[in-house]
Structure formats: structure tokens, C-alpha cells
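[1] Let me see the structure of the following:
(chains A, B and C)
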Amino acid sequence: MELYIRKAYYHYFYLFATKKDTTFRAGWGNLENIFEKQLLRNTVFLNKDIISPHHIPEKLPFREKQIEDITNGLSALINNSKPNNLFIYGKTGTGKTSTVKHVLDQLSAFVAKNNKSAFSCYVNCRSHSSKYKVLLKSIRAFYPEKDFLGYSASFVYEKLLEFANDKQAHLILVLDEIDKVKDIDDLVYSLSRGNDEVQKGSITMIGISNNLMFKEKLDPRTKSSLCEIELVFNPYNANELREILNERSAAAFKPNVVTDPAVSLAAAIAAQESGDARTAVMLMQRAGEIADSESANTLTDIHVEKAKASVEEEIILSMISTLPQQQQLVLYAIAQLASQKDRGLRKVTGEIEKGVLYSGEIFETYLELAKKFDERTITSRWYRQYINELEMYGLILVTASGKGIKGQTRLIKLGFDANKIKVALEKELFKQMS
DNA sequence: CCTCCACAGGAAGCGCAGGAGT
DNA sequence: ACTCCTGCGCTTCCTGTGGAGG
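    Numbering: from 1, shown residues only, chains lettered A, B, ... in the order given. Here you go, the predicted model:
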């Protein structure tokens, strides 16, 4: 199968290479017109970037206290003493990263003005998931002209200390998603040791995590040195989300485009899901796109309602695309069983619900599916592990079996619409088969 | 009350990949 | 270039649990 695709690919390139001189250039004239048209097209947006989830706003409403706390924690370096390490916890979309970046921006502006020596470096530990990788990433930020790839971990570490010592610098390492670092105890120990060794500068860690359990798993010594100051970012409530959206909408959309019910609905949906500002912002952005496609002049709650389905789909898709293939098959087995009519009409806590499945029957279906797809199978033990993970991700709901059911099993229900998940999984699984 | 059922989930260990040390 | 080490995904084996049924 792969061979055929590769052949088709070459064929395509062959055509492209030979024909581009004629067709491609001939198309230029049209291309300009398309963009011209795009430019003239009516849009509700003023600046779309501001309503994108990646945008970091200058003002962070409802985070004044956290900003103050972080600033206080770091303020020691103004007097050339060593700041405290910080540990920040909060669910996704509660503004942890934005707030920290905001404070560091302010700090670097202050430092430049007042001739202080402080450097900060942001490391996302999802992609830099070991002590070595974290050190490498930070040393690159401090010596941008030199590449230390290939040097040993201890050398990179010494180089970091040397930098702090030579420049009498205060280094601030922001470790986002710090729970992803495998040898976290080692990293924290080294960095706090380093902090003691540096004479006039300092090394400060700001750990960010959305996993509260992570803290409990740490070595007690690691915990006490990393969590010198602890901050919790609570989820936004609907009112706060509404205000955030209002503020951003004012800059992102043209005046008098966004209606109040639209903002209220987007805030309500996001607050209900998790208090996640990212979801709220995504909803507004998508609603704007939908309004554009309808050539509407105002953005109403109907657009937001439509955006909800699309945003939800996107979240599901991004979630399941990161799952291992076998786990996708397990989820597919659940979706398939749940989408069968009148399947799993079972009593849960007194009430009859639809689509409630036994753990055992899902495993059997999974085995059949794997056979059909010609894939290897995992054992039932690991299958249970996968089920637990799927529950953690919120893709399925799990309850323990009670009276009326023989033996001890678990009742499993999909967290989202079965057909939507099925379609998304088919896309994903088919992609991997080829 | 005992036994069976239908699982849950802990512990140990195995093979592999990839990084570190030499 | 080579060994050694370690984390990861997974299997094997096992003990535990709560209800049905005799």
C-alpha cells in the first residue's frame, strides 16, 4: 500500500515539475485577484490575532493578585539578592503562562532601563522533557551565538553557572509543564545547588504545571526547594470570562459588531466546560469566521452556537490524534458499540441510560476490530490502563458497577457524541494505515 | 455461607530505543 | 564506535473485590 502512495506521489511531482512553467505562471494573474477579493471582502474582524488563543494580551484581568505575587517573589533581584523559586498550579486556560510572560516582559523592560543584570528563559518541558534538554535550551538562550549540542550535561551545566558568575547575572528559568520532565528531582537539585554556588548572581526556577498531583509525587527535598512560593490559578467564572471576552473583542472586532448575547453565551459555554479562557477565545474567533462566511454584519449568539460544535470537534480531534494507535482502537470500539441503536440501555444509579457499556464487551469488540485492521492486540491488563487514561482525558465516563450486575466491572460511557468520535477516529486510523 | 464470576489494579519483569559515558 | 544505563510500553502473574447464585 505504501508503495502505491509513494508512486502516486512521484507521479504528482513529475507533473508538477514539468507543467509548472506553463500553468503555474499563467495562474498568477488570477491569484492576485483572489487576494484582492479577500481584501475587499466584508469582515467582522479588525485584528484577528488578538482573538487567537496564542495572543498574550497586555492587560490580564482578574490576575492582578497573581501578578503581584510573582513580582514580589522576584523583586529580591532588584536589590541584587536571590529571589525565591516559584511553583504555579492551575488548569489549562487559566492564564498561567500569559501571566508569567507578562511579568517577565515587565522585568526585562525594567532591567534595560535600570542597568541591572537579569536574564530570563522560557522552556516548554513538553518538548524539552529531560534535565539535559532543559539545560541545553536555556544555555542557548543565554549564549545565542554558540551551539552546545553534543556537549555533555555537566559541561552545559557548568557553562550556565559560568554565565551567571561572569555577568553577575540573575537567571530566571520558566519551566512550563514542568511535570513532563522525567528526571525532575535531579534537575531541581542541580539548579538549586547551582544557585548556592553562584557568588553574585542567582538562578531562579518558575515551575508551571496543570497537574496538582505532580507536586505530591516529588521528592520532599525537591518539593521544598521548588515550591518556596506557591500560587494557584483558579478557573475563571462566567462573569470573568465575559469581561475578558468583552475586552478582547473590543480590540479584535470592528465596533458594534459583537452582540452581548454572543459574548454571554461564549462565556457561559467555556465556564461550564472548565473555566478555560482559551476555549472562550476560540469560540469567539470561530464565531467570527462563521459570521464572515455568512457575510453577516453582526456576530450573534447563533454564530457562537454554531462555533461550539466546530470547536468541540477540534478539541476532540486534537485529543485523539495524540493517542497511541491501540488506544484509538479501544476508543473506536467504544464509539462503535455506543453508536449501535438500543445498545447498552442500562440502569445506572436507578435511571436507565443509553450507551452504557461493560468493560468486558468493549475489550472483545476491540479484539475483533484489531483483527479486522490486521493490527496486533494488547492484553486486557493494558486495556484497563488505557481505559483509565481515556477517563482522565475526559473522553469517556466511568462508573463502578453496583447491584444488578454480576461480578465487579465498570460501566463505560462516551463523553462526546459517538458518531463524531467515530468519524474523527476513522480519519485518524485511516491516515495511519496508509 | 461458600463458590463462581468478571473483572480491577498492584508488582515484577522483559525487550526495545535512545541517550550518556568512555 | 562501543557499552552501559534508563525510561517506556507492555506482558505475566497475582491478589483483591463485590455481587449472583446455589
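
[2] what sits against the most centrally placed residue in chain A?
    With distances taken as CA atoms, centre = their mean, residue A:92 lies nearest the centre of chain A, 7.1 Å away. Residues in contact with residue A:92 (CB atoms under 8 Å, 6 or more residues apart in numbering) are A:210, A:274, A:276, A:278. In short, each C-beta sits where N, CA and C put it, glycine included.

[3] what's the lowest-pLDDT member of those residues?
    Least confident entry in the contacts of residue A:92, by pLDDT: residue A:274, with 71.

[4] and that one, how many neighbours does it have?
    16 (other CB atoms under 10 Å).

[5] now the one 4 residues further on
    For residue A:278, the tally of surrounding residues (other CB under 10 Å) stands at 18.

[6] Show me chain A divided up by domain.
    A:2-40, A:48-54+A:236-312, A:64-233, A:325-433 (automatic domain parsing).

[7] Would you tell me which of the ones you listed gets closest to DNA strand C?
    Of all the domains of chain A, domain A:325-433 sits nearest to DNA strand C, with 3.2 Å by CB to the nearest atom of the strand.

[8] And the average pLDDT for that closest one is what?
    So the average pLDDT for domain A:325-433 ends up being 84.

[9] one step back: among the domains of chain A, show me which one is buried the most.
    The highest mean neighbour count among these, using mean count of other CB atoms under 10 Å, belongs to domain A:48-54+A:236-312: a mean of 19.

[10] starting at the chain centroid, how far to that one?
    19 Å (CA atoms, centre = their mean, to the nearest Å).

[11] Residues of chain A that sit close to DNA strand C?
    Contact residues, chain A versus DNA strand C (CB under 7 Å from any atom of the strand): A:182-183, A:324, A:326, A:377-379, A:381-382, A:385, A:402-408.

[12] Go through the contacts of residue A:92 and say which is closest to DNA strand B.
    For the contacts of residue A:92, the nearest to DNA strand B is residue A:210 (22.2 Å; CB to the nearest atom of the strand).

[13] So the closest one sits against residue A:93, correct?
    No: the criterion here is CB atoms under 8 Å, and residue A:210 misses it with residue A:93 at 9.2 Å.

[14] Quick one: mark the members of the residues of chain A next to DNA strand C that sit in helices.
    Applying DSSP state H to the residues of chain A next to DNA strand C, the entries found in helices are A:326, A:381, A:382, A:385.

[15] In a helix, residue A:119, correct?
    No: using DSSP: H, G, I helix; E, B strand; the rest coil, the assignment for residue A:119 is strand, not a helix.

[16] for it, what are its contacts?
    Residue A:119 neighbours (CB under 8 Å, 6+ apart): A:141, A:142, A:169, A:170, A:171, A:172.

[17] what is it paired to in the beta sheet?
    In this structure, residue A:119 bridges to residue A:171 when assessed by DSSP bridges.

[18] re earlier: mind checking pLDDT for the residue nearest to the centre of chain A?
    78.

[19] I'd assumed it was in a helix, is it?
    No: looking at residue A:92 with three-state DSSP, it is coil, so not inside a helix.

[20] Got phi/psi on it?
    phi -60, psi 150 (degrees, to the nearest 10).

[21] That one and residue A:179, how far apart?
    Going from residue A:92 to residue A:179 by CB to CB, to the nearest Å gives 13 Å.

[22] hey, what's in contact with both of those two?
    residue A:210.

[23] how about the strands in the stretch 301-434 of chain A?
    With strands called from DSSP state E, counting those that start in this stretch, the stretch 301-434 of chain A shows them at A:346-348, A:351-353, A:357-358, A:396-400, A:410-414.

[24] what ranges of the stretch 101-250 of chain A fall below the confidence cut-off?
    A:126-127, A:129, A:145-153, A:182, A:211-214, A:216-220 (pLDDT under 70).

[25] If you check it against DNA strand B, which residue is the closest one?
    Closest point on the stretch 101-250 of chain A to DNA strand B, by CB to the nearest atom of the strand, is residue A:132, at 3.2 Å.

[26] Pretty sure that residue sits against residue A:156.
    Yes: contact criterion CB under 8 Å: residue A:132 and residue A:156 qualify, at 7.2 Å.

[27] Let me know the closest of the ones in helices among the residues of chain A next to DNA strand C to residue A:241.
    For these, the minimum distance to residue A:241 (CB to CB) is 35.2 Å, reached by residue A:385.

[28] ok, residue A:46 - how many residues close by?
    Count around residue A:46 with other CB under 10 Å applied: 15.

[29] Show me where the stretch 51-200 of chain A has its helices.
    Using DSSP state H, counting those that start in this stretch, the helices of the stretch 51-200 of chain A run over residues A:64-74, A:96-114, A:131-142, A:153-166, A:184-197.
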